[in-house]
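*Asks:* Give me a 3D structure for the following:
(chains A, B and C)
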Amino acid sequence: MKPLELYNALLQKYKKQNWWPVTDSGKIAPAYKHREKLSEKQKFEICIGAILTQNTAWKNIEKAIVNLNKAKILECEKISHAKQEKLAQLIRPSGYYNQKAKKIRNFSAYLEKNYSCRTENLFSKPVQELRSELLSLNGIGNETADSIILYAAGKPVFVIDAYTKRLLQRGFGKKQMSYEEAQAFFESQLPKDAELFKEFHALIVEHSKQYCKKHAGCEECFLGKNCAKDM
DNA sequence: TACCAGGTCCTCG
DNA sequence: CGAGGACATGGT
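*Replies:* This is a model prediction of the structure:
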């Protein structure tokens, strides 16, 4: 199964996921329905959400985002100047709250200092520059940087996470791929299309939750044993 | 109870 | 580089 075939199979099974979930009319949309442009505030929220969701279930991040919204603090200027303890309490449900409080403040302070708190200024940079700049920030690694670039900036980079690596390993039987290897693999086999990349990654996550779990059987999986064969 | 969740950083070899 | 530990809540 080639990557594009896998994508089509997953899309047919799970339907469109419309990631990234983002606050819309006061509440977090389970799936981001409308495809019109994201607002500046929503782009910022995605950046924060991408940091908060590190190794944590999304449900917990939703609680944290709701708290930030209720406190009317989910803005670059506010977070960059907020007390760390206050932020930590608000994002408590997201886990690692002390570390993450620093991370989201660090990111906000950087955005404020260098881009007047406007993600669109940051995102106007060439992808390579943007990526290395994000990676230079403490608290932003490969996946978080790419999630921001893809879902907030809307530029086509393929996001690799633990689920994607797991999917690649199963059926492959190949040795573990590094982040860069896995990313290069997908990007070399797919059209460079941000909407496709967004949807594909979201579908892999959904599929991994339902079937391709840590200890999961390929027996029950609708893709069968050869899910990744010949990829 | 124990394990897992849309990782990243730091410290050693 | 790559392995191993720390970081922490909430759901099953």
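*Asks:* residues of the helix ranked longest in chain A that come out buried?
*Replies:* As assigned by DSSP state H, the longest helix anywhere in chain A is helix A:97-115. Under the neighbour-count criterion of 16 or more other CB atoms under 10 Å, helix A:97-115 has A:97, A:100-112, A:115 buried. The C-beta positions use only the backbone N, C-alpha and C, and glycine is treated the same way.
*Asks:* continuing past that helix, what's the next helix or strand?
*Replies:* helix A:119-123 (DSSP states H and E).
*Asks:* That following helix packs against which elements?
*Replies:* Secondary-structure packing of helix A:119-123 (3 or more CB pairs under 8 Å, 6 or more residues apart in numbering; DSSP states H and E): helix A:40-52, helix A:97-115, helix A:127-135.
*Asks:* okay if I get those helices as a markdown table plus distance to residue A:60 and mean pLDDT?
*Replies:* Shown next, in a markdown table, are these (distance: least, CB to CB, whole Å; pLDDT from 0 to 100):
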| stretch | distance to residue A:60 | mean pLDDT |
| --- | --- | --- |
| helix A:40-52 | 8 | 98 |
| helix A:97-115 | 10 | 98 |
| helix A:127-135 | 23 | 98 |
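*Asks:* Quick one: closest of those to DNA strand C.
*Replies:* When the helices and strands packed on helix A:119-123 are compared by CB to the nearest atom of the strand, helix A:97-115 sits nearest DNA strand C, at 3.2 Å.
*Asks:* Whether the closest one contacts DNA strand B - can you check?
*Replies:* Yes. Using CB under 7 Å from any atom of the strand, helix A:97-115 reaches DNA strand B at residue A:99.
*Asks:* is that helix up against DNA strand C anywhere?
*Replies:* Yes. Counting by CB under 7 Å from any atom of the strand, contacts between helix A:97-115 and DNA strand C involve A:97, A:98, A:99, A:100.
*Asks:* what's the closest of the residues you listed to residue A:156?
*Replies:* For these, the closest approach to residue A:156 (CB to CB) belongs to residue A:100, at 27.4 Å.
*Asks:* Touching, residue A:100 and residue A:49? I think so.
*Replies:* No. The criterion here is CB atoms under 8 Å, and residue A:100 misses it with residue A:49 at 11.0 Å.
*Asks:* Output the set of residues of chain A in proximity to DNA strand B.
*Replies:* A:19-21, A:49-50, A:53-58, A:60, A:95-96, A:99, A:137-145, A:147, A:151, A:161-163, A:205, A:208-209, A:213-215.
*Asks:* returning to what we had before: show me what the longest helix of chain A packs onto, helices and strands only.
*Replies:* Against helix A:97-115 (3+ CB pairs under 8 Å, 6+ apart) you get helix A:40-52, helix A:76-81, helix A:84-90, helix A:119-123.
*Asks:* So what touches it?
*Replies:* Applying CB atoms under 8 Å, 6 or more residues apart in numbering, the external contacts of helix A:97-115 come out as A:44, A:47-48, A:51-52, A:54, A:76-77, A:79-80, A:82, A:84-85, A:87-89, A:91, A:94, A:117-119, A:121-122, A:137-140.
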